[in-house]
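**Student:** Give the three-dimensional model of this entry:
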Amino acid sequence: MALAGSAAAVLPGSFGSAVGQALSSTRFRGPLVTSTWDFGPAVTETAYRTLASGGSLLDAVEQAARIPEEDPAINSVGYGGYPDREGKVTLDACIMDGNGNCGSVAFLEHIMHPVSVARKVMETTPHVMLAGDGALQFALENGFKKEELLTPDAEAAYCEWLKSSGYIPRPSGRTNHDTCGVLAMDKQGNLAGACTTSGMAWKVRGRIGDSPIIGAGLYVDNEAGAATATGVGEAVIKIAGSFLIVELMRSGKSPQDACRLAVERIIRKQPMYKNDGGILVGFLAMNKDGEIGGFSYGKGFQYSLNRSGKSEVVDAEYLNK
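**Tutor:** Reported below is the predicted structural model:
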């Protein structure tokens, strides 16, 4: 997908103030889909088509998230994801609707689509999160196939990393933590979201970031909006980033301002990141009126969106200029 120059000019991290005001006054109804990064047009287009044809929000965000999960060329999500420092690929994911229903899996191995396991947790158990061997057992008992997720390319990258970096994973660098978060609104104005990742490359075994944590990597509330995060999960967890953004939107902040305030809070509360030029923490949000905003600490964060069937990629605004 090519970055549309006109979109980047009009939408520097949101739909633009004039459009945002119009959306706010008219209570825009979907289908509307946005996702972190540019994982290809199929991500938002798949969700949009599902909603346009009358499909459910959960189907839309789940099917969208499954696309990067099964792509071996993406080294930060699912199959093809870079492993932990022991050479093991572990996956995290969650899914949530606007009524507070949610499911999550963390530290899951050998299953291609953790977002689908998370949905199964939500819909068939009284729990929210399953982890590790228990999550794997649950997945296998529910018909998911056990697979080897470490691709030859990821294994080669791991072996190369061992030569120079030893066992010291560094929580920075853009390609290290590009989570796929998907937010969607249906024709009735209801919201849902999903978030999936293979986590930080070369992480300490057992490390879990923000992506499967409801309120950190993802939060959705029909009364206010939805938000998702990407980047260094530890920084996001410490401020309950996605929940914070939704609450800021509930209090009247635009998605753009809410995302910016969350990034500013991270830097204010966690100053060790301020002078790290490689750190990346970004947020993406959608409010109940259909406004979208995205903001990051460092340059480079992009988000994709599909409104009225048209796919675009937007360069998000950033703080560290």
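**Student:** what's the helix or strand for the residue nearest the centre of the chain?
**Tutor:** With distances taken as C-alpha atoms, centre = their mean, the chain has Gly181 as the residue nearest its mean C-alpha position (2.0 Å). For Gly181, the host element (DSSP states H and E) is strand 180-185.
**Student:** helices or strands next to that strand in the packing?
**Tutor:** Other helices and strands packing on strand 180-185, by 3 or more C-beta pairs under 8 Å, 6 or more residues apart in numbering; DSSP states H and E, are strand 32-36, helix 42-52, helix 57-69, strand 191-197, strand 225-231, strand 281-287. For every residue, glycine as well, the C-beta is placed using N, CA and C.
**Student:** average model confidence for the shortest one?
**Tutor:** Translated: strand 32-36. Per-region confidence: strand 32-36 scores 98 on mean pLDDT.
**Student:** what about that strand, distance to the chain center?
**Tutor:** Centre-to-centre, strand 32-36 and its host chain are 10 Å apart (C-alpha atoms, centre = their mean, to the nearest Å).
**Student:** Neighbouring strands of that strand in the sheet, and parallel or not?
**Tutor:** The pairing partners recorded for strand 32-36 under DSSP bridges are strand 180-185 (antiparallel), strand 302-307 (antiparallel).
**Student:** Tabulate these (TSV), appending distance to Gly80.
**Tutor:** Shown next, in TSV, are the strands paired with strand 32-36 (distance: least, C-beta to C-beta, whole Å):
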stretch	distance to Gly80
strand 180-185	12
strand 302-307	19
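**Student:** between these, which gets nearest to Val128?
**Tutor:** strand 180-185 (17.7 Å; C-beta to C-beta).
**Student:** in the closest one, what's buried?
**Tutor:** 180-185 (16 or more other C-beta atoms under 10 Å).
**Student:** what angle sits between that strand and strand 281-287?
**Tutor:** Going by axes from the mean of the first three to the mean of the last three C-alpha atoms, to 10 degrees, strand 180-185 is angled at 10 degrees with respect to strand 281-287.
**Student:** Just want the angle from strand 180-185 to strand 191-197.
**Tutor:** Using the same axes, to 10 degrees: strand 180-185 against strand 191-197 is 170 degrees.
**Student:** Strand 180-185 vs helix 42-52, what angle?
**Tutor:** When the same axes, to 10 degrees is applied, the directions of strand 180-185 and helix 42-52 differ by 20 degrees.
**Student:** if we can go back for a sec, mind putting the helices and strands packed on strand 180-185 into a markdown table with distance to Tyr158 and mean neighbour count?
**Tutor:** Below are the helices and strands packed on strand 180-185 laid out as a markdown table (distance: least, C-beta to C-beta, whole Å; neighbours: other C-beta atoms under 10 Å):
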| stretch | distance to Tyr158 | mean neighbour count |
| --- | --- | --- |
| strand 32-36 | 24 | 29 |
| helix 42-52 | 26 | 23 |
| helix 57-69 | 19 | 26 |
| strand 191-197 | 17 | 31 |
| strand 225-231 | 21 | 32 |
| strand 281-287 | 25 | 31 |
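**Student:** In TSV: those, plus distance to Arg119.
**Tutor:** Listed next are those as TSV, based on distance: least, C-beta to C-beta, whole Å:
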stretch	distance to Arg119
strand 32-36	17
helix 42-52	14
helix 57-69	6
strand 191-197	8
strand 225-231	16
strand 281-287	20
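**Student:** got a list of contacts for the helix or strand where Ser164 lies?
**Tutor:** Assessed by DSSP H and E, Ser164 sits inside helix 152-165. Residues outside helix 152-165 that contact it (C-beta atoms under 8 Å, 6 or more residues apart in numbering): 72, 75, 80-83, 87, 89, 150, 201-202.
**Student:** thinking again about what came up before, want to throw the strands paired with strand 32-36 into JSON lines with distance to Val117 and mean pLDDT?
**Tutor:** Listed next are the strands paired with strand 32-36 as JSON lines, based on distance: least, C-beta to C-beta, whole Å; pLDDT from 0 to 100:
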{"stretch": "strand 180-185", "distance to Val117": "16", "mean pLDDT": "98"}
{"stretch": "strand 302-307", "distance to Val117": "24", "mean pLDDT": "96"}
